[in-house]
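Student: let me see the structure of the following:
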Amino acid sequence: MSAKSEHYDVIRKPIITEKATMASESGAVVFEVAMDSNKPMIKEAVEALFGVKVKAVNTTITKGKVKRFRGQMGRRRDVKKAYVTLEAGNTIDVTTGL
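Tutor: Residues are numbered from 1 along each chain as shown. Model prediction:
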């Protein structure tokens, strides 16, 4: 497996929500990442894939909600998010996709 595909395994997809848009105004980008990834892995993957300098990485795990699916009780999956703060002068346009 190549190094680039390992980076894509760490970073799943960018998250585009109202809160993520507010974070982007202060130079941060939000990604959904693999549950077993850690901050150094996330930093390395973002720097390699996008060619930017990362200042800091903050992570959060959102527990999946219990919801009803066709009358049956089910549970959404847990999601790990990474708030990646970029060095001044670096930007990532997440609207174009990975």
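
Student: which stretches of the protein form strands?
Tutor: With DSSP state E, the ranges of strands along the chain come out as 11-14, 28-33, 54-62, 66-69, 72-75, 79-86.

Student: avg pLDDT for the lengthiest helix in the chain?
Tutor: Across the chain, the longest stretch assigned as helix under DSSP state H is helix 39-50. Mean pLDDT, helix 39-50: 91.

Student: okay, buried residues for that helix please.
Tutor: The neighbour-count check on helix 39-50 (16 or more other C-beta atoms under 10 Å) flags 41-43, 45-47, 50 as buried. Where C-beta positions appear, they are placed from N, C-alpha and C, glycine not excepted.

Student: ok, back up a step: would you list the strands of the chain in CSV and tack on mean pLDDT and mean neighbour count?
Tutor: Below are the strands of the chain laid out as CSV (pLDDT from 0 to 100; neighbours: other C-beta atoms under 10 Å):
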stretch, mean pLDDT, mean neighbour count
strand 11-14, 90, 18
strand 28-33, 93, 21
strand 54-62, 94, 14
strand 66-69, 92, 9
strand 72-75, 92, 9
strand 79-86, 94, 20
